[in-house]
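Participant: Fold the following.
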Amino acid sequence: MSTNLLVWIILAPLLGAILNAGFYFYHIKKEKVSDLVFSIIGTGTPLISFLITLSLFLRMNEENIIFKQDLFTWVSIDKLHIGMSLLGDNLSIFMSMFVTFVGWLIHIYAIGYMKGDKGFGKFFAYFNLFLASMLILVLADNPIILFIGWEGVGVCSYLLIKFYYGKAENVIAANKAFIANRVGDFGFLLGVVTLFFALGEVDLSFASIEANMANASSELLVLSGILLFIGAMGKSAQIPLYVWLPDAMAGPTPISALIHAATMVTAGVYMVARFHFLYSGMEDIGLFIAYIGAFSALFAAIIATKQTDIKKILAYSTMSQLGYMFIAVGLGFYSTGLFHVFTHAFFKAMLFMGAGGVIIAVHHEQNIFKIAQHRATLPIIGFTFLVGVIAISGIPPFSGFFSKDAILAAAFQEGQYLIWLIAMFTAFLTAFYMFRLYFIVFVAPSQHKEKYEYTSKTITFPLVLLAIGAIGAGFLNFPAIFGGEHQVDTWLAQLNSKTIHMSHTTEYILMVLSIIVAAAGIKVAHSKYANFDVSKPEEETGLIGNKFYIDELYDRLFVQSSKKLSVFIDKVLDDKIIDGFIMKSSINFVNLGKKVSMIQNANVRFYAATMLVGMTCIFIYLYIKLGL
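Facilitator: Okay, here's the model as predicted:
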């Protein structure tokens with residue numbers, strides 16, 4: 001019975017999406033469906049998914065079993081066999097637990113945020129579909145089914161980023177996200193195809209792939225690993241396919257929270273962890289992944305120090321934190337990377353939702369200096385936002401400290417001192433730009449303070465629960481040197497992940513250094529921005545303020561060159577060469593036709609004479625040839 005529940009984890013939000021879509025279409029014509037109906041369906045179905053996942057988690061914890069559900073055979077042609085199967089192992093249930101829980105809280109938050117919006121029902125239909133797609137990705141038993149969910153979250157992100165499609169910039173941002181992700185997705189698809197040819201097996205389930213790794217060509221496996229990671233670069237916004245993520249802030253804040261906290265961008269990290277058996281034997285590829293993560297973390301942190309849009313600062317912080325996760329999984333510390341995915345889900349969802357609450361209070365202003373100039377008194381949002389800022393900055397005992405510190409220790413233990421130094425400097429920048437954001441929005445003196453506005457409980461309730469998670473989630477993987485049992489590492493033992501095994505003295509020193517670095521970042525931010533004159537805002541200027549002109553570079557290299565190529569094909573190749581050749585050929589055919597038509601004159605005597613000449617020629621030929 002429990003095995004059959006796997007599909008209902010997906011079906012619950014999927015049915016919610018279908019119901020909300022149906023009611024929304026009816027509402028467009030009749031306007032008789034209240035927002036309460038959409039809210040109950042939209043929040044109730046993710047809750048059902050969470051409760052089912054929780055029940056499976058508890059049973060797995062007691063009985064140490066793995067759930068698998070074979071729904072039907074999708075494709076069975078010669079050597080290719082693809083089953084529509086779901087896998088509920090420790091990894092997928094671990095991911096599903098916080099995806100459904102945090103996703104449910106974000107759905108509740110969306111009720112208050114989207115209140116009064118004309119597209120309320122449509123939003124929840126998209127929202128439920130987004131969650132269902134992520135759950136397909138997480139629970140898939142083979143990479144083909146995983147790819148369905150992979151594409152599903154891509155489509156839903158496109159629909160939600162351009163939710164307010166009346167503004168051209170929102171549509172452009174959605175197109176940018178969609179196209180950038182298609183580049184990565186093409187790499188992922190090629191990786192799966194390469195893996196199929198490398199294995200030569202009829203069953204592409206993860207268990208079958210792992211069991212037959214020894215029989216595969218090492219060159220093809222390496223190629224497959226690289227191509228799969230290209231997919232992760234796009235989905236998880238790593239260099240060079242990160243450019244879509246900041247622009248994705250065009251969508252409503254709830255979707256920003258869902259994308260950045262529990263779905264979509266974490267899919268790349270999950271995918272690498274799911275293919276741990278492939279990457280564990282490829283140290284060079286793993287090191288490449290770790291360096292991409294390190295430089296992505298640093299690059300995003302540098303850009304974030306000069307941004308003025310509150311949501312874009314948080315977007316770059318997500319890219320940076322994802323870089324930390326890839327450092328861990330690239331070095332073989334899969335459970336460590338996923339632990340940071342877990343803690344990050346709480347404080348990043350809370351930060352985005354807090355930012356959304358501030359944006360609503362100041363009438364949808366997103367520039368942090370203008371927000372400060374028209375500051376509203378928001379005690380719950382201010383407190384929870386501070387909790388999130390402390391957590392992401394890596395201050396103990398908040399959750400971000402334990403997960404980030406484990407990644408730093410992993411890099412140091414593996415002798416990757418350059419990666420460790422980059423990660424440490426990034427930690428300094430993270431504390432600096434996050435507290436810069438906090439001090440400007442909530443602390444810096446302002447001449448104008450708006451009276452406290454009532455904030456809906458659907459906004460504050462999720463924030464309080466997430467704040468509890470941001471504070472306490474780190475204790476689930478409490479370090480052994482403090483008497484912890486590493487519960488997350490134990491639960492994810494199937495990944496054969498590397499663990500920290502350095503001396504206690506070294507570990508203590510690294511922790512202290514990490515705290516000092518974060519404290520230094522906070523100190524610098526406090527000195528510069530705690531009493532900042534918000535009437536004289538900073539501007540996004542210079543190399544860093546303009547994001548190193550990467551968007552302009554990509555526009556020149558890819559967009560403008562594609563336009564020039566299109567113009568060349570249209571105006572030169574098509575109009576002058578192809579059309580010219582076709583027109584010339586057609587004229588010649590017409591002239592030839594006219595000449596041929598001269599002998600088709602309906603004159604019977606002419607036809608008879610022609611036949612006589614032809615027959616005479618044939619007889620002469622036969623006479624000469626046969627010697628008659």
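Participant: from memory residue 321 sits against residue 342, does it?
Facilitator: No: contact criterion CB atoms under 8 Å: residue 321 and residue 342 do not qualify, at 12.0 Å. C-beta coordinates here come from the backbone N, C-alpha and C atoms, glycine included.
Participant: Looking at those two, which has the bigger crowd around it?
Facilitator: residue 321 (28 against 25; other CB atoms under 10 Å).
Participant: Would you agree the more buried one falls within a strand?
Facilitator: No: Residue 321 is assigned helix when assessed by DSSP: H, G, I helix; E, B strand; the rest coil, not a strand.
Participant: So which residues of the stretch 201-350 of the chain form helices?
Facilitator: Using DSSP state H, counting those that start in this stretch, the helices of the stretch 201-350 of the chain run over 206-211, 218-235, 244-247, 253-261, 267-274, 276-279, 283-304, 310-330, 334-361.
Participant: Of all these, which one is nearest residue 514?
Facilitator: helix 310-330 (12.1 Å; CB to CB).
Participant: For the closest one, output the C-alpha coordinates as PDB.
Facilitator: Taking Å, rounded to 0.1, in the frame of the first residue of the first chain, the C-alpha atoms of helix 310-330 are listed here in PDB:
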ATOM      1  CA  ILE A 310      16.400  43.600  -3.400                       C
ATOM      2  CA  LYS A 311      15.300  40.500  -5.300                       C
ATOM      3  CA  LYS A 312      18.300  40.500  -7.600                       C
ATOM      4  CA  ILE A 313      20.600  40.700  -4.600                       C
ATOM      5  CA  LEU A 314      18.900  37.500  -3.300                       C
ATOM      6  CA  ALA A 315      19.100  36.000  -6.800                       C
ATOM      7  CA  TYR A 316      22.800  36.400  -6.900                       C
ATOM      8  CA  SER A 317      23.100  35.000  -3.400                       C
ATOM      9  CA  THR A 318      21.300  31.900  -4.600                       C
ATOM     10  CA  MET A 319      23.800  31.500  -7.500                       C
ATOM     11  CA  SER A 320      26.600  31.900  -4.900                       C
ATOM     12  CA  GLN A 321      25.100  29.300  -2.500                       C
ATOM     13  CA  LEU A 322      24.600  26.900  -5.300                       C
ATOM     14  CA  GLY A 323      28.300  27.300  -6.100                       C
ATOM     15  CA  TYR A 324      29.000  26.100  -2.500                       C
ATOM     16  CA  MET A 325      26.800  23.000  -3.100                       C
ATOM     17  CA  PHE A 326      28.700  22.200  -6.300                       C
ATOM     18  CA  ILE A 327      32.000  22.500  -4.500                       C
ATOM     19  CA  ALA A 328      30.800  19.800  -2.100                       C
ATOM     20  CA  VAL A 329      29.300  17.300  -4.700                       C
ATOM     21  CA  GLY A 330      32.200  17.900  -7.100                       C
END
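Participant: which secondary element of the chain has the worst mean pLDDT?
Facilitator: strand 449-450 (a mean of 61; mean pLDDT, DSSP states H and E).
Participant: Next SSE downstream of it?
Facilitator: helix 457-472 (DSSP states H and E).
Participant: what's that following helix packed up against?
Facilitator: helix 90-113, helix 334-361, helix 379-393, helix 399-413 (3 or more CB pairs under 8 Å, 6 or more residues apart in numbering; DSSP states H and E).
Participant: Now find how far off-centre the second one is within its chain.
Facilitator: Centre-to-centre, helix 334-361 and its host chain are 14 Å apart (CA atoms, centre = their mean, to the nearest Å).
Participant: now that helix and helix 90-113, what's the angle there?
Facilitator: For helix 334-361 against helix 90-113, the angle by axes from the mean of the first three to the mean of the last three CA atoms, to 10 degrees is 0 degrees.
Participant: Residue 133 - that's part of a helix, no?
Facilitator: Yes: assessed by three-state DSSP, residue 133 belongs to a helix.
Participant: Quick check: it touching residue 158?
Facilitator: No: distance between residue 133 and residue 158: 11.8 Å, which falls outside the contact criterion (CB under 8 Å).
Participant: The two: who's more crowded?
Facilitator: residue 133 (27 against 21).
Participant: Tell me the spacing between that one and residue 254.
Facilitator: Using CB to CB, to the nearest Å, we find residue 133 at a distance of 16 Å from residue 254.
Participant: List phi and psi for residue 538.
Facilitator: The phi/psi pair for residue 538 (degrees, to the nearest 10) reads phi -70, psi 160.
Participant: wait, residue 367
Facilitator: phi -70, psi 120.
Participant: Leaving out sequence neighbours, find the closest residue to it.
Facilitator: Once flanking residues are discounted, residue 367 sits nearest to residue 308: 5.2 Å by CB to CB, 6 or more residues apart in numbering.
Participant: Pull the contacting residues for the residue nearest the centre of the chain.
Facilitator: What sits nearest the mean C-alpha location of the chain, by CA atoms, centre = their mean, is residue 265, with 2.8 Å. For residue 265, the contact set (CB atoms under 8 Å, 6 or more residues apart in numbering) comprises 235-237, 245, 259, 318, 322.
Participant: Residue 50 is in contact with residue 100, correct?
Facilitator: Yes: under the criterion of CB under 8 Å, residue 100 makes contact with residue 50 at 3.8 Å.
Participant: Looking only at neighbour counts, state which of the two leads.
Facilitator: Using other CB under 10 Å, the more surrounded residue of residue 100 and residue 50 is residue 100, with 27 against 22.
Participant: how near is the more buried one to residue 291?
Facilitator: Counting by CB to CB - residue 100 and residue 291 are separated by 33 Å.
Participant: and what of residue 350?
Facilitator: For residue 350, the distance to residue 291 - CB to CB - is 30 Å.
Participant: try residue 30
Facilitator: 57 Å.
Participant: So which of the two has more stuff around it?
Facilitator: residue 291 (19 against 8).
Participant: what sits against that one?
Facilitator: Counting by CB under 8 Å, 6+ apart, residue 291 has contacts 330, 419.
Participant: Same question for the top strand by length along the chain: list its buried residues.
Facilitator: Using DSSP state E, we find that the single longest strand of the chain is strand 67-77. By 16 or more other CB atoms under 10 Å, the buried positions in strand 67-77 come out as 67, 69.
Participant: Show the average pLDDT along it.
Facilitator: What strand 67-77 shows for mean pLDDT is 86.
Participant: just checking, residue 323 touches residue 290?
Facilitator: No: using CB under 8 Å as the test, residue 323 is too far from residue 290 to be in contact (9.5 Å).
Participant: The two: which is more packed in?
Facilitator: For residue 323 versus residue 290, the count of surrounding residues by other CB under 10 Å is larger for residue 323: 30 against 26.
Participant: Low-confidence stretches in the stretch 201-350 of the chain?
Facilitator: For the stretch 201-350 of the chain, the stretches with pLDDT under 70 are 201-202.
Participant: No more questions from me, cheers.
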